[in-house]
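[1] after the sequence you'll find the predicted model.
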Amino acid sequence: MKPFLLTSACILAMTIASTSAQALTQRLGPGNRTITFSELSMTDGSPDDGTCEKRYGTGFTTQSNPDSASNPLKRTTKEGHNIEVIALGGNVSEGIFSIENQYEIIFPDDETKTPVDVELAATGLIGSQEATGVFSDGTCRGVIQVKVVSN
């Protein structure tokens with residue numbers, strides 16, 4: 001009985017993740033995404049001590065992770081960021097969508113390869129292929145713009 005329940009739970013989790021990824025794609029559209037960061041500061045509002053600039057710079061473009069073709073929740077960048085969506089949320093209503101996601105990012109300069117949890121909340125207009133909002137990783141915070149670009 002336990003193997004059946006475990007298998008059922010795994011299938012349900014994969015279905016939810018797949019459905020959530022499809023919902024995200026429907027909100028922003030398919031393709032690579034240009035992520036732009038601005039107004040970087042420490043989470044307490046004090047000026048960036050250099051940590052945020054080192055992690056995020058002014059932005060990067062994400063693309064599907066070639067090692068995970070079956071998992072649309074994993075992305076990478078040319079700079080070497082490894083990004084995985086670990087929680088998806090949001091809403092679609094009357095032509096407006098919201099995204100409330102949590103990511104694990106491994107930054108290219110981190111020799112320990114320790115993932116950093118990043119929270120993002122953004123809104124956009126359905127069909128516009130872009131969203132604007134805010135993010136925080138517990139150390140840094142700022143404004144974020146996400147735009148779909150052609151592959």
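    Structure's in. What do you need?
[2] mind jotting down where the strands sit in the protein?
    32-42, 59-64, 74-77, 82-87, 90-93, 96-106, 116-125, 130-136, 140-149 (DSSP state E).
[3] is it possible to get CSV of the ones you listed that adds distance to D49, mean neighbour count and mean pLDDT?
    For every residue, glycine as well, the C-beta is placed using N, CA and C. Compiled in CSV, the strands of the chain are given as follows (distance: least, C-beta to C-beta, whole Å; neighbours: other C-beta atoms under 10 Å; pLDDT from 0 to 100):
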stretch, distance to D49, mean neighbour count, mean pLDDT
strand 32-42, 7, 16, 93
strand 59-64, 20, 17, 85
strand 74-77, 23, 20, 86
strand 82-87, 23, 17, 91
strand 90-93, 32, 12, 90
strand 96-106, 19, 17, 93
strand 116-125, 16, 17, 95
strand 130-136, 16, 17, 96
strand 140-149, 10, 18, 93
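[4] export these to TSV and tack on distance to E53?
    Below are these laid out as TSV (distance: least, C-beta to C-beta, whole Å):
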stretch	distance to E53
strand 32-42	6
strand 59-64	12
strand 74-77	16
strand 82-87	18
strand 90-93	28
strand 96-106	15
strand 116-125	15
strand 130-136	14
strand 140-149	9
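[5] what's the closest of those strands to T51?
    Of all the strands of the chain, strand 140-149 sits nearest to T51, with 6.3 Å by C-beta to C-beta.
[6] elements contacting the closest one?
    Strand 140-149 sits against strand 32-42, helix 51-56, strand 116-125, strand 130-136, with contacts defined as 3 or more C-beta pairs under 8 Å, 6 or more residues apart in numbering; DSSP states H and E.
[7] many thanks, I have nothing further to ask.
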